[in-house]
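K.L.:
structure of the sequence below:
(chains A and B)
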Amino acid sequence: MKIALMITCLADALYPDVGRATVRLLERLGHDVAFPEAQTCCGQMHVNTGYQDEALPLVRHHVEVFEPYDVVVAPSGSCVGSVRHQHAMVARRAGDEALAERAEAVAATTYELSELLVDVLGVEDVGAYYPHRVTYHPTCHSLRMLRVGDKPLRLLRHVRGMTLIELPAADQCCGFGGTFALKNPDTSTAMLADKMRHVLSTGAEALTAGDASCLMHIGGGLSRLRSGTKTVHLAEILAES
Amino acid sequence: MSTDLGMPVVAPAGVGHLRGDRSFPAAARAALGDTQLRRNLGHATTVIRNKRAAVVAELDDWEALRRAGEAIKTATMGRLDEHLERLEEQVTARGGVVHWARDANEANRIVTDLVRATGQTEVVKVKSMATQEIGLNEALEAAGIEPKETDLAELIVQLGGDLPSHILVPAIHRNRAEIREIFLREMPGVDPELTAEPRRLAMAARTHLRERFLRAKVGISGANFGIAETGTLLVVESEGNGRMCLTLPETLITVMGIEKVLPTWSDLEVFLQLLPRSSTGERMNPYTSAWTGVTPDDGPQAFHLVLLDNGRTAALTDPVGRSALHCIRCSACLNVCPVYERAGGHAYGSVYPGPIGAVLSPQLTGVEDNASLPYASSLCGACFDACPVRIDIPSLLVQLRAAHVDANRGRRVPTPEALGMAAAAWVMADPRRFANAEKATRAGRLLGRAAGRITTLPPPLSRWTASRDAPRPPAETFREWWARERGGRS
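P.N.:
Predicted coordinates:
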């Protein structure tokens, strides 16, 4: 299957390893990966901060770039959530019904990585090997916007050599929330402190999740504490063999 | 010739408790430093959250109930004027008197005048959000009338000279040691040997309140529901103190927000299943009191219903935001909210805290009077999942943020944030500009060379690095790697 990779602006600029791992994983499973180089950003930061007018050209650009593809995948629950739940809304608010319908069509073919693997490609054992103790944080948007449920865990349970440890209070937000972390830094840090406490209580070597943004937040905290616990994206674990 | 009816007005400033004196981040910063508050809130919200989850899981038709609640509220709001007129007609036909209050000032004046007409200088109060919203206690006190809160938690708050911090458990920010201290300090005739044992505290409050119930001639309440078809009002509670206030006095005055009306009793059936499980985590609450007008020789012989707008009609004009009026004040969203759990209710500056407060307060006051509240959320979505009437709070928050940004578009000097967002959008709308900006980010590699992480950044990013490290930009972006490895393929 030919799959277009929506890298997300954050992974493109700061976490290219996540993109490389996604490519390696999908190619190992026998699929053809395309990278539409005109892609930029889904506009979620603008929408969630209140700048919907500014997000409109980003939505239009995203639709134009990805509408030629049958299947699009992103290693992010949050960005797929934006494509699925916000793009048509932004277009409609601006009175552009035609763009809204095109955005809905693109949203219908766009999947978060664990959704693509389990629902579309029908695979749970991707043949990964990762000999470490790992705990998994289900990110808010993958859990409550996309309803990925236990798909990421089903993928992780098949990883050979890995010990998967349950994260206490896993469904609680880490406090990132995009510009929330900057607008409400004290509350965000208080949420992060509890998330880190739970991560460290597992004794895991690594924390994994399906969103580089949440991992940047929790990882930034764990690094500040010199905790010795690292963060690794779900794609990076699944790509190891 | 046409008549200009004008746009509905928002809740007036200077009266009531819908606006804080500080922004949310500033108020939260202070609250987060209160370690006792953090413990009290963390413990209490966890307990209620778990109780709710357990009783909700018992029902296999919970999702259908939520959808029914949502549908009933949506339909009711669509014809609110008709239902309210029916309610008025029925209450009047059964011996009650209906008053219409455009805002907090009108409602306070109506209630104060009604109490004055009885010649009484003391009233007992049922726990009520509407009367807290309009600042009725302050208005009564200014008129020389003493309002006595009778809900245990509201009593603790009133004696402590404090403000409620939760819709359902107004004293959630207090633990029992603190309550004991408040009682010892403020409760006349309290046993000086009082301990912090919950039973002893409840007994002390009971003795204190019993005396007030027996001498009260005027009771003031809110209403959880008003049934239009029969003109019946309802209060749903746990303690029975509400029922004392609703039945013992000679005069009963009820202040009800106009959105609380339900067309029929069969609509109520849905909400009496949704509300107790969502609020206290009980299958059914201990006391549900219903009264219809005046019953000769039984209960209050004078009944007044004050229907309160105070910004609700203004909220109703917003096709997205209006669903905040569906709220049945269960506070399930507060108990699951990670922001509320840490910052507490006072940080919201309104009697309506938590996620629902962050969407309701700005709509009642106009968004610019509560501009920081829509941002007081990480948009994690836990509130929507918990809401018994499926209010999509995250989407409402996002729309209110847009309303705030749009309200400031006319400014002669744009904010640094607005400039930054416009610049970012300009860059991101074009792949070449975007790739160049990514290259510019690489200058950040000069930072954090030794440790591979960045520990200090200039404002506004210093708000990030104050508590978290930032990643050092990679030597090569993904798109550069792709072009190098797979050049020409796309």
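K.L.:
may I have the secondary structure class of whichever residue of chain A sits closest to chain B?
P.N.:
For chain A, the residue closest to chain B is A:Gly177, as judged by C-beta to the nearest C-beta, at 2.8 Å. C-beta coordinates here come from the backbone N, C-alpha and C atoms, glycine included. At A:Gly177 the chain is in coil, as set by DSSP: H, G, I helix; E, B strand; the rest coil.
K.L.:
could you do the one 5 residues further on as well?
P.N.:
Each residue gets one of three states, and A:Leu182 gets helix by three-state DSSP.
K.L.:
excluding chain neighbours, give the residue nearest to it in space.
P.N.:
Leaving aside its sequence neighbours, A:Leu182 sits nearest to B:Arg463 (C-beta to C-beta, 6 or more residues apart in numbering or on different chains; 4.7 Å).
K.L.:
residues contacting that neighbour?
P.N.:
Contacts for B:Arg463 (C-beta atoms under 8 Å, 6 or more residues apart in numbering or on different chains) come out as A:181-182, A:185.
K.L.:
identify, from the residues you listed, the entry nearest to B:Phe478.
P.N.:
B:Phe478 lies nearest to A:Ala181 out of the contacts of B:Arg463, by C-beta to C-beta, at 23.1 Å.
K.L.:
confidence score at the nearest residue to that closest one once chain neighbours are set aside?
P.N.:
Nearest residue to A:Ala181 in three dimensions, chain neighbours excluded: A:Ser188, at 4.5 Å (C-beta to C-beta, 6+ apart). A:Ser188 carries a pLDDT score of 98 in this model.
K.L.:
now do the contacts for residue 176.
P.N.:
All of this is about chain A. For A:Phe176, the contact set (C-beta under 8 Å, 6+ apart) comprises A:188, A:192, A:213-214, A:216-218, B:378.
K.L.:
nope, chain B
P.N.:
B:196-198, B:201.
K.L.:
per-residue pLDDT, residue 140?
P.N.:
No chain was given, so I picked chain A. On the pLDDT scale, A:Cys140 is placed at 98.
K.L.:
um, chain B though
P.N.:
98.
K.L.:
now the one 5 residues further on
P.N.:
What the model reports for B:Ile145 is a pLDDT of 98.
K.L.:
and it, backbone torsions?
P.N.:
phi -110, psi 130 (degrees, to the nearest 10).
K.L.:
ok, the one 4 residues further on next?
P.N.:
Backbone torsions for B:Glu149, taken as degrees, to the nearest 10, come to phi -70, psi 140.
K.L.:
is it bridged to anything, and to what?
P.N.:
Listed by DSSP bridges, the beta-bridge partners for B:Glu149 are B:Lys125.
K.L.:
just give the number of residues close to residue 165.
P.N.:
Picked chain A for this. Counted with other C-beta atoms under 10 Å in any protein chain shown, the neighbours of A:Ile165 add up to 16.
K.L.:
hmm, I had chain B in mind actually
P.N.:
By other C-beta under 10 Å, neighbour count at B:Ser165 equals 27.
K.L.:
which residues touch the closest residue in space to it that isn't next to it in sequence?
P.N.:
For B:Ser165, ignoring the flanking residues on the chain, the nearest one in space by C-beta to C-beta, 6+ apart is B:Gly345 at 3.1 Å. Shown in contact with B:Gly345 (C-beta under 8 Å, 6+ apart): B:164-166, B:172-173, B:334, B:353-354.
K.L.:
got the contact list for stretch B:58-68?
P.N.:
For stretch B:58-68, the external contacting residues (C-beta under 8 Å, 6+ apart) are B:56, B:270, B:273-274, B:277, B:283, B:387-390.
K.L.:
give me the buried subset of those.
P.N.:
Among those, those classed as buried by neighbour count (16 or more other C-beta atoms under 10 Å in any protein chain shown) are B:56, B:270, B:273-274, B:277, B:387-390.
K.L.:
quickly find the element holding whatever residue of the stretch 251-400 of chain B ends up closest to chain A.
P.N.:
Among the residues of the stretch 251-400 of chain B, B:Ser378 lies closest to chain A, at 2.8 Å counting by C-beta to the nearest C-beta. Under DSSP states H and E, no helix or strand contains B:Ser378.
K.L.:
give me the neighbour count for it.
P.N.:
26.
K.L.:
and for B:Pro164?
P.N.:
Other residues close to B:Pro164 by other C-beta under 10 Å number 26.
K.L.:
gap between it and chain A?
P.N.:
Going from B:Pro164 to chain A by C-beta to the nearest C-beta, to the nearest Å gives 20 Å.
K.L.:
apart from its neighbours in sequence, what residue is nearest that residue?
P.N.:
Closest to B:Pro164 by C-beta to C-beta, 6+ apart is B:Pro170, at 3.3 Å.
K.L.:
residue contacts, B:Arg185?
P.N.:
Taking C-beta under 8 Å, 6+ apart, we find B:Arg185 in contact with B:Leu159.
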